[in-house]
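K.L.:
output the structure for:
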Amino acid sequence: MFYQLKFILRNLQRGGIYSAINIGGLAIGMAAAILILAWIHHEWSYDRFHTKEKQLYAVYNRATFDGALTCWDWTPMPLGATLKTDYPEIARVARMRNYQTFLLANKEIKSKVQTNFTDPDFLTMFDFPLLQGNRETALNDPYSVILTEKAASRLFGQEDPMGKTLLLDNQYPVTVTGVMKDLPGNTHFQFEALATMDFLKVLDWYVDQWTANNLQTYVELHPNAQPDLVNESIRGVINAHTDNSVATEPFLYPLGKLHLYSKFENGIPAGGLIDTLRLFGVIAGLILLIACINFMNLSTARSEKRAKEVGVRKVMGGRRQSLIGLFLGESIVVSFIAGAIALLLALMALPLFSTLMGQQIKLDLSNVRFWLAASGFMLFTGLLAGSYPAFYLSSFLPLKVLKGVFRKNRGAASSRKVLVVMQFTVACALIVSTLVIHRQIGYAQDRETGYDKDRLIYTLLEGDMTKNYELLKHDLLNAQVAVSVTKTSAPMTQGWSNTWDVRWQGKDPDARLIFDNYFADADWVKTVGATLIEGRDIDVYSYPTDSTALLLNESALKIMNLEHPVGENVEVFGSDWHVVGVVKDFILHSPYEPARPMLIGGPSGWINTMHIKLNGANRTADNLAKAEQIFKQYNPAYPFEYHFVDEEYARKFQNEQTMGSLTSWFAGLTIFISCLGLFALVAYMAETRRKEIGIRKVLGASVSGVVFLLSKEFLTLVLISVAVASPIAWWAMDKWLSGYAYRTDIPWWLFVVVGGISVGIALLTVGFQAILAATANPVKSIKTE
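P.N.:
Numbers count the residues shown, from 1 in each chain. Purely as a prediction, here's the structure:
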């Protein structure tokens, strides 16, 4: 065993540059695969670490709207208590109400903390460890609060926070009853503090209505409960407590599927992030395959170097099976050496990769399972890379080899051509995919938003801002910080509410339609730059009844089929609103989706956001500095925090941009690995044909003729790769684009560009080595043979 290992290492040393290319190519391919697999494992592990994961479910709703079965994860507040008391299969229930931030104060130390509201059972259902406090009692008191480590550190430093009193929102005293370990990166829950659901009653935010879907509900089933039977039994619980105007059915959805399988089509799970993970799993496999192809090609191309060795071993009694084992062992050793290098490369690239993905991805080097998986991965790679060369080299006939009449098999050369075509087919397909993804992003970015994002900021109404809104608005305008100010129910980039409880004259009583809900104060159109098509803006100063005014967008007007909308009355949530205008559709949600029907109501609705159009005549920094002084005057207990709408809007493209960046990086790696192998093949071909090249030059062949002789075969293979990759890439990207309602096309010239890029890269790779061979002194070439 030791002798064989020593022999393999010596053979690698004799291989020189070719061994280095083999190991380097495998290492780069394996490192890329390791990073992708680490990301896939991170995404797959979301909320699967809970001990009771198989018993935990989120409660979803579904109902038919506009002829399609729609699913959503928001539920009414009373549902949780009813599920726990009326259905014995359900062991525990925890509701979760998500909010953005609250100001928590420890005397003079203040911090904005993302605070969610939940039930006491949350702590026993989910495995979020308490470092201090009792999970059985920590949320029993309405005025109790649990902090995460980071939040506790910001508010108390090194001081023990347990039992200490904090001031929430500058007016409500709450007691710290627990400190929770910071949430891991692989959970869909996001909070820095947990307060009780009963505390919502103190805030007067407890909406105990069956018709208001305003929180998430999670259940824990008893171990022997059958989810399908539970779903059947609970399907009518909401309709039993409502007027049944919309038949709503709750159902249980496994916690472990929330992250990966979030997409529904007509009420049925239809993928989600899992589709992206599968795609990049295939890409990881292809990159690894391309690296293995380099090994196969070089091993078979250099077969003459090993032919006599095979012949001697067979004459000495070596059987083919033992030779196969020897060559496989050699490839496995190479794989383990490359694997060690790949692991180092992956660890070095991991911080950059985590930044690119926007997540904290880790390699758990202290876990035995990791090393078992890594060893299996290296073994698999070695077997994959060495399988074909082992069977090919072991097939040599000793009589022909030792007589010196050995000739390389034409079948092997054909196989190498096929493998080269496979390499560049994958590379070309990834280049096409990268260009199409970036084209789709650019197409959506160029879409008209329907409002003016430039110099538009927003801040959430907190503390005394609501009470002093008119004073704030006056001073901002008077100081020429802003040219317009308004307040709304949500930022212009987010939709926080929708409803099907809308009625108007002429509506089909059987129609079930969903409208986005938005509320705004005076000067909304002016501040956000929306376009009025008909009527006027909401103006409570000139028209006091405009507190119940209503603006429709184009999509709402279309489905409501109102010929003269201005002046019409529309009933929303059981209250009458009067239409004063129609605005052009604007993008509230995804820029890849069509605009949804939308109602923009007057300020009698829920208002919690302030939008400010900054004065373009001043520097932005000066405007913000003056604004901060004004806000401190009227809301001194809170810091002035603002968000630029254009930056928020840009984040809507983050997922596609991440995918585009990933594809670009891995396409580049694929091309690099392919060219590395191509370079080695051309170098070896030039070396073996050195005498032929010398004779040709002596007989008058030009440098360009020799370069063409050495390059034409490989350039032909690259052109074949482009031809094979084009329809495959078109099919794959057309399928990907079909998931977007607002999508770009795939023009024919894109494939011409990719072909030109591929041929250019191959020409540079092959041409460099070919020119070296063509310009060598023919006398030395012939003499050394």
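K.L.:
skip the chain neighbours and tell me the closest residue to Leu456.
P.N.:
Distance criterion C-beta to C-beta, 6 or more residues apart in numbering; nearest residue to Leu456, sequence neighbours excluded, is Val645 at 4.3 Å. C-beta here means a position set from N, CA and C on the backbone, and glycine is covered the same way.
K.L.:
now Gly755
P.N.:
Val722 (4.2 Å).
K.L.:
swap in Val583?
P.N.:
Nearest to Val583 is Ala530, by C-beta to C-beta, 6+ apart, at 4.8 Å.
K.L.:
pretty sure the one you found sits in a strand.
P.N.:
No. Assessed by DSSP: H, G, I helix; E, B strand; the rest coil, Ala530 does not belong to a strand; its assignment is coil.
K.L.:
next up, the contacts around it.
P.N.:
Gly450, Tyr451, Trp524, Val583, Lys584, Phe586 (C-beta atoms under 8 Å, 6 or more residues apart in numbering).
K.L.:
buried only: go through those for me.
P.N.:
Buried by 16 or more other C-beta atoms under 10 Å: Gly450, Tyr451, Trp524, Val583, Phe586, out of the contacts of Ala530.
K.L.:
could you dump the residues you listed to a markdown table with secondary structure and pLDDT?
P.N.:
Putting these into a markdown table (DSSP: H, G, I helix; E, B strand; the rest coil; pLDDT from 0 to 100) gives the following:
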| residue | secondary structure | pLDDT |
| --- | --- | --- |
| Gly450 | coil | 91 |
| Tyr451 | coil | 92 |
| Trp524 | helix | 95 |
| Val583 | strand | 95 |
| Phe586 | coil | 93 |
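K.L.:
same list (those) but as a markdown table, adding distance to Val334.
P.N.:
Below are the buried ones among the contacts of Ala530 laid out as a markdown table (distance: C-beta to C-beta, whole Å):
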| residue | distance to Val334 |
| --- | --- |
| Gly450 | 58 |
| Tyr451 | 59 |
| Trp524 | 67 |
| Val583 | 66 |
| Phe586 | 58 |
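K.L.:
most widely separated two among those?
P.N.:
Gly450 and Trp524 (13.0 Å; C-beta to C-beta).
K.L.:
so which strand or helix has the most centrally placed residue in the chain?
P.N.:
Among the residues of the chain, the one closest to the centroid is Asn655, at 4.8 Å (C-alpha atoms, centre = their mean). Assigned by DSSP states H and E, Asn655 belongs to helix 654-688.
K.L.:
show me what contacts Glu648?
P.N.:
Glu648 touches Pro491, Thr493, Gln494, counting by C-beta under 8 Å, 6+ apart.
K.L.:
run the last query once more with 7 Å
P.N.:
With contacts defined as C-beta atoms under 7 Å, 6 or more residues apart in numbering, Glu648 is in contact with Pro491, Thr493.
K.L.:
next one: Val754
P.N.:
Here Val754 is in contact with Cys428, Ile431, Val432, Val722 (criterion: C-beta under 7 Å, 6+ apart).
K.L.:
now Thr177. Its backbone dihedrals?
P.N.:
phi -110, psi 0 (degrees, to the nearest 10).
K.L.:
separation between it and Leu131?
P.N.:
13 Å (C-beta to C-beta, to the nearest Å).
K.L.:
so those two - more neighbours on which side?
P.N.:
Thr177 (24 against 12; other C-beta atoms under 10 Å).
K.L.:
what pLDDT does the nearest residue in space to Leu676 that is not next to it in sequence get?
P.N.:
Closest residue in space to Leu676, ignoring its immediate chain neighbours: Gly25 at 5.0 Å, by C-beta to C-beta, 6+ apart. The model reports Gly25 with a pLDDT of 83.
K.L.:
ok, Gly25 - contacts?
P.N.:
Gly25 touches Ala291, Asn294, Ile673, Leu676, Gly677, counting by C-beta under 7 Å, 6+ apart.
K.L.:
I'd like those laid out as a markdown table, including distance to Gln114, neighbour count and pLDDT.
P.N.:
A markdown table is the format used below for the contacts of Gly25 (distance: C-beta to C-beta, whole Å; neighbours: other C-beta atoms under 10 Å; pLDDT from 0 to 100):
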| residue | distance to Gln114 | neighbour count | pLDDT |
| --- | --- | --- | --- |
| Ala291 | 44 | 33 | 84 |
| Asn294 | 49 | 28 | 77 |
| Ile673 | 43 | 27 | 82 |
| Leu676 | 47 | 20 | 77 |
| Gly677 | 50 | 27 | 72 |
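K.L.:
can you get me a residue count around the residue nearest to Glu89 when sequence neighbours are not counted?
P.N.:
Nearest residue to Glu89, sequence neighbours excluded (C-beta to C-beta, 6+ apart): Ala225, at 3.9 Å. By the criterion of other C-beta under 10 Å, Ala225 has 17 neighbours.
K.L.:
count of neighbours near Asn170?
P.N.:
Asn170, neighbours per other C-beta under 10 Å, totals 17.
K.L.:
just the pLDDT for it.
P.N.:
86.
K.L.:
equivalent analysis for the one 3 residues further on, please.
P.N.:
At Pro173 the predicted local distance difference test score is 94.
K.L.:
can we start the residue count at 523 from this point?
P.N.:
Fine by me, first position is 523 from now on; the one you just mentioned is Pro695.
K.L.:
which residues touch the nearest residue to Val1050 once chain neighbours are set aside?
P.N.:
Closest residue in space to Val1050, ignoring its immediate chain neighbours: Tyr973 at 4.6 Å, by C-beta to C-beta, 6+ apart. Residues near Tyr973 by C-beta under 7 Å, 6+ apart: Met1014, Val1050, Gly1051, Ala1052, Phe1108.
K.L.:
and if you look at Leu952?
P.N.:
Taking C-beta under 7 Å, 6+ apart as the test, what Leu952 contacts is Thr1185, Phe1188, Ala1189, Thr1192.
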